[in-house]
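# please work out how this folds:
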Amino acid sequence: MRRTKIVATLGPATDAPGMLARLIDAGLDAARLNYSHGNHAEQARRAREVREAATPAGPEIGLIADLQGPKIRLECFRNGPIELQQGQRFLIDAECASDAGTPERVGLTYKDLPGDVHTDDTLLVDDGRIVLRVENVVESVIETTVLTGGPLSDHKGINRQGGGLSAPALTTKDREDLVHALANDADYIAVSFPRNATDIDNARKLIQEAGGHAGIIAKIERAEALINADEIIAASDCIMIARGDLGVEIGDERLPPAQKMLVARARAQHRSVITATQMMDSMIERSMPTRAEVFDVANAVLDGTDAVMLSGETSIGAYPDLAVAAMSRICMGAEDEWKSPPGALETKSDYERVDQAIAMSAIDCGNRIGVKAIAALTESGATALWMSRVNTDIPIFALSRHPHTLRKVTLYRDVYPQHFDITPLPHSEVTREVLNVIKQRAGLNDGDRVMITKGDLHGHSGGTNGMKIVSVGDFVEHVE
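This is a model prediction of the structure:
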């Protein structure tokens with residue numbers, strides 16, 4: 001059973017008849033709707049198709065709505081793409097018409113950019129392919145010199161090296177898209193370009209006002225977000241290491257240690273983490289990944305990431321299903337090497353809640369006595385999340401009657417969602433029914449030990465207060 005989860009972005013390539021079902025068969029755990037592209041009708045259709053495709057296939061599929069955020073872009077060139085030459089003068093003008101760009105001047109989408117930059121700042125265009133030095137700022141015009149030239153076309157993104165742009169994380173478009181995503185039952189809202197915890201808190205307030213239950217994924221892609229990583233992690237439910245824009249702002253050489261640091265800090269704060277961007281980029285056009293991409297995915301697994309993500313590989317690529325299948329194979333190959341001493345805890349030893357103490361103790365105990373599976377009866381998914389923060393080879397089955405809980409745990413490493421309604425069952429039948437539900441999925445045999453965590457009050461969130469160890473085929477021998 002693969003422990004690391006796979007997120008795939010939906011798009012024109014996944015709209016092909018039968019493709020979504022093939023992605024699920026290949027190992028898809030969560031689908032991403034990219035609100036930077038497409039319209040509301042397209043996103044609603046894809047969200048509906050995810051739900052419809054997941055039903056006959058059996059597994060729960062999480063749904064992530066990824067907001068565009070304040071992506072700062074150049075406007076359009078009047079006569080098509082241009083070629084910038086090293087040393088030439090080039091103007092970025094906030095008042096230039098959106099379709100009036102020339103080889104000497106172009107407009108931009110974020111009109112406040114002239115107020116955010118200063119002389120000698122470095123601007124990186126098109127993911128750093130074009131490098132500009134700011135020479136002067138006069139009202140709406142940023143005067144630059146081209147340090148690294150090349151072809152430049154419409155709508156390319158702009159970053160300031162080192163960060164520091166004041167654009168808010170949630171634009172008017174994002175607020176409209178958020179409401180639309182909640183109306184289409186998104187399980188997570190991904191907030192782009194947050195600077196601090198306040199940006200995450202604002203998004204959560206909007207979700208609550210709309211009556212939604214979605215969790216929040218904070219995309220770490222600004223230099224400021226890296227500085228404020230701990231507070232952003234604490235405010236969110238999950239983080240995404242968005243290595244594209246982050247790498248442009250902090251420099252490629254700082255990305256690998258940043259990735260490892262973010263994974264470790266997210267796990268320490270009991271948050272899940274997605275590693276994203278260009279993981280298998282060559283598979284947009286090729287049927288197999290490069291060896292470098294194999295190592296990239298494997299290293300993310302070895303870092304301890306909960307999930308790895310595909311973007312263009314599935315949304316516009318020629319081989320979406322093969323990309324998911326390849327990523328799944330690589331994850332499973334790397335997981336055999338992700339080991340730590342049995343019972344080693346990655347979190348602090350003092351627990352704030354009883355259900356947290358039960359969850360952490362269950363993994364510690366299960367690692368030491370050879371438990372073959374853990375069944376966590378959960379209302380919110382919190383027990384399963386805490387368990388998944390500790391390194392273990394034991395599969396953790398999150399048993400819940402709530403579809404939104406089952407879909408949220410699709411982003412938790414080592415955790416497998418399983419529908420189970422405990423409320424109508426008498427206490428004497430719970431253990432038997434739990435084993436019946438997970439026996440085949442966990443590959444259990446008579447005599448195998450299974451750990452069950454649950455609460456005395458069935459159906460109450462936060463009520464997990466006990467664990468039980470039973471042997472399959474012999475319910476008498478147990479410790480309670």
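# wasn't Asp185 part of a helix?
No: Asp185 is assigned coil when assessed by DSSP: H, G, I helix; E, B strand; the rest coil, not a helix.
# and it, how far from Arg46?
According to CB to CB, to the nearest Å, Asp185 stands 12 Å off from Arg46. Quick note: C-beta positions are derived from backbone N, CA and C, even for glycine.
# which one of the two has more residues nearby?
Arg46 (21 against 18; other CB atoms under 10 Å).
# quick check: closest non-adjacent residue to the more buried one.
Leu10 (4.8 Å; CB to CB, 6 or more residues apart in numbering).
# surely that neighbour and Ala31 touch.
Yes: between Leu10 and Ala31 a contact is recorded at 5.5 Å, counting by CB atoms under 8 Å.
# which parts of the stretch 301-450 of the chain are helices?
Along the stretch 301-450 of the chain, the segments classed as helices by DSSP state H, counting those that start in this stretch run 312-315, 320-335, 354-369, 382-388, 403-408, 427-442.
# between the ones you listed, which gets nearest to Leu23?
helix 320-335 (5.3 Å; CB to CB).
# buried residues in that closest one?
320-331, 334-335 (16 or more other CB atoms under 10 Å).
# show me which residues of the helix or strand where Asp25 lies are buried.
Element membership of Asp25 [criterion: DSSP states H and E] is helix 19-26. If you call a residue buried by 16+ other CB under 10 Å, then helix 19-26 has these buried ones: Met19, Leu20, Ala21, Arg22, Leu23, Ile24, Ala26.
# spell out which residues are contacts of both of Leu10 and Ala31.
Leu20, Arg46, Val50 (CB atoms under 8 Å, 6 or more residues apart in numbering).
# any idea how far the nearest residue to Ala8 once chain neighbours are set aside lies from Ala300?
Residue nearest to Ala8 in three dimensions, not counting chain neighbours: Thr314, with 4.2 Å by CB to CB, 6+ apart. Distance, Thr314 to Ala300, using CB to CB: 17 Å.
# who has more neighbours, the two?
Counted by other CB under 10 Å, Thr314 and Ala300 do not tie: Thr314 has more neighbours, with 33 against 27.
# between the shared contacts of Leu10 and Ala31, which is nearest Gly370?
Val50 (37.7 Å).
# could you look up the SS state of the residue nearest to the closest one when sequence neighbours are not counted?
Nearest residue to Val50 in three dimensions, chain neighbours excluded: Ala31, at 4.9 Å (CB to CB, 6+ apart). When classified by three-state DSSP, Ala31 comes out as strand.
# tell me what Ala31 is bridged to.
Bridge pairing for Ala31 (DSSP bridges) gives the partners Ala8, Leu63.
# give me the number of residues near it?
Ala31: 27 neighbours (other CB under 10 Å).
# next up, the contacts around it.
When contacts are counted by CB under 8 Å, 6+ apart, Ala31 is found next to Val7, Ala8, Thr9, Leu10, Leu20, Leu23, Arg46, Val50, Ile61, Gly62, Leu63, Ile64.
# pLDDT and distance to Val125 for those residues - can I get that in CSV?
Listed next are the contacts of Ala31 as CSV, based on pLDDT from 0 to 100; distance: CB to CB, whole Å:
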residue, pLDDT, distance to Val125
Val7, 98, 28
Ala8, 98, 29
Thr9, 98, 24
Leu10, 98, 28
Leu20, 96, 35
Leu23, 97, 34
Arg46, 97, 31
Val50, 95, 35
Ile61, 96, 37
Gly62, 97, 34
Leu63, 98, 33
Ile64, 98, 28
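# want to throw these into TSV with distance to Gln259?
Formatted as TSV, those follow (distance: CB to CB, whole Å):
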residue	distance to Gln259
Val7	16
Ala8	20
Thr9	19
Leu10	25
Leu20	29
Leu23	25
Arg46	29
Val50	28
Ile61	26
Gly62	22
Leu63	25
Ile64	19
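# going by distance to Lys260, which of the residues you listed wins?
The closest of the contacts of Ala31 to Lys260 turns out to be Val7 (CB to CB; 19.6 Å).
# pretty sure that closest one contacts Asp306?
No: between Val7 and Asp306 there is no contact under CB under 8 Å: 9.8 Å.
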